[in-house]
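[1] generate a structure from the sequence data that follows.
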Amino acid sequence: MNKNIVKTFALGSLLAFGFSSAQNKPKVVLDNFFNNEKRENKETKVLESSHYTWNDTTNGGFSLLGEIFQKQGAEISTLTTAPSKNDLKNANIYIIVDADIDKEAYGGKANLIDAKSIKNLVKWVEKGGVLVLMSNDKGNSEFEHLNHLAEKFGIHFNEDSYNRVQKREFEQGKVMVPTGNEIFSEQKLYMKEVATISVKSPAKELLSAEGKNIAAIAKLGKGTVFALGDPWCYNEYIDGKKLPADFTNYQGTEEWVKWLLKQVSQK
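    Numbering: from 1, shown residues only. Now for the predicted structure:
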């Protein structure tokens, strides 16, 4: 395993898609380079990675998402550098979420998605990799360089913001999933302040908010790309504590994780 990858071993039993041994566990790698936010631990005073990271148990963390992957038989880890060819050999699923703008990045200078990383990721997808791209909305995410990557798959994140929620008016953030969706069962999801997505071949639309497309799927070679204009599955909105009971973000996250892992198993 590359020294830049921080491993977190799966605790869950092997439930999904015939992953029958440790060697066969799908490897889910979360970027912590293009999204490189840090904060000081209040108790230890040590700087820690935060905001959409596996180890972050606060509202903005992905700790619950990591647990869902583990329960489905996956091994999760974090990549703290730009993805090299060797790094990607150790990944079945690679996730970039909320690529930094300067005001968010540690040190005040964002690590932008560069041409070499794009070349490595496109070749990796063609060989069977599963790439997840999740932006934030206008003013809270980097768009130009993210789109340099996304457009290789027919996907373009628009620098806008829909489903804007006023205080606790949660209905303003609803995303209704109709029957027949490729990933999700019919349900009501919550996604607030979402960037819309434009698509062309080989990408296709997946979800809508306020009549605008906000998600896409693309196939390239043996691989798959999933894109969404919001980091929707962080702790605050899947822990069951804040949203009204008719929103089903935890269920939706489980369905999404199973779908991603199924793309790995079909390689």
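
[2] mean confidence score for the strand or helix carrying N147?
    Using DSSP states H and E, N147 falls within helix 144-150. Mean pLDDT, computed over helix 144-150, is 98.

[3] after that helix, next one along is what?
    Later in the chain than helix 144-150, the nearest helix or strand by DSSP H and E is strand 155-157.

[4] next SSE downstream of that next one?
    Counting by DSSP H and E, the element after strand 155-157 in chain order, helix or strand, is strand 174-177.

[5] may I see the buried residues of that following strand?
    174-175, 177 (16 or more other C-beta atoms under 10 Å). Every C-beta, even on glycine, is put in place using the N, C-alpha and C of the backbone.

[6] what sits up against it?
    163, 184-191, 207-209, 214, 247, 252 (C-beta atoms under 8 Å, 6 or more residues apart in numbering).

[7] so what's the gap between that strand and the chain middle?
    When C-alpha coordinates are averaged (C-alpha atoms, centre = their mean, to the nearest Å), strand 174-177 and its chain have centres 18 Å apart.

[8] for it, which strands pair with it and how are they oriented?
    strand 187-190 (antiparallel) (DSSP bridges).

[9] how near is E37 to D98?
    8 Å (C-beta to C-beta, to the nearest Å).

[10] what does E142 give?
    Distance, E142 to D98, using C-beta to C-beta: 9 Å.

[11] residues contacting H145?
    Counting by C-beta under 8 Å, 6+ apart, H145 touches 99, 112-114.

[12] now F34. Nearest residue, chain neighbours left out?
    A99 (4.5 Å; C-beta to C-beta, 6 or more residues apart in numbering).

[13] ok, back up a step: list the residues that contact both of E37 and D98?
    51, 104.

[14] looking at these two, which one has more neighbours?
    Higher neighbour count among E37 and D98: D98, with 23 against 18, using other C-beta atoms under 10 Å.

[15] any low-confidence regions in the chain?
    Along the chain, the model assigns pLDDT under 70 to residues 1-23, 38-42, 44-49, 266-267.

[16] ok, the contacts of strand 174-177 vs K152, which is closest?
    Checking the contacts of strand 174-177 against K152 by C-beta to C-beta gives I214 as the nearest, at 19.9 Å.

[17] distance check, F143 against N181.
    The spacing between F143 and N181, counted by C-beta to C-beta, is 26 Å.

[18] hang on, I meant V28
    Taking C-beta to C-beta, one finds V28 at 22 Å from N181.

[19] what's the answer for A74, then?
    23 Å.

[20] these two - which one has more neighbours?
    Using other C-beta under 10 Å, the more surrounded residue of A74 and N181 is A74, with 25 against 14.

[21] from what I see, that one and N24 are in contact.
    No: if you go by C-beta atoms under 8 Å, A74 and N24 don't touch, sitting 10.7 Å apart.

[22] find the residues that touch each one of those two.
    With C-beta under 8 Å, 6+ apart, A74 and N24 have no common neighbours.

[23] in the top helix by length along the chain, what's buried?
    In the chain, taking DSSP state H as the definition, the longest helix is helix 249-265. The neighbour-count check on helix 249-265 (16+ other C-beta under 10 Å) flags 249-250, 252-261, 263-264 as buried.

[24] can you redo those residues as TSV with distance to M134?
    As requested, those are exported to TSV (distance: C-beta to C-beta, whole Å):
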residue	distance to M134
N249	14
Y250	17
G252	14
T253	12
E254	17
E255	16
W256	11
V257	14
K258	18
W259	15
L260	12
L261	17
Q263	16
V264	18
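
[25] who are the contact partners of S201?
    Taking C-beta under 8 Å, 6+ apart, one finds G154 in contact with S201.

[26] name the element it belongs to?
    Short version, using DSSP H and E: S201 is in no helix or strand.
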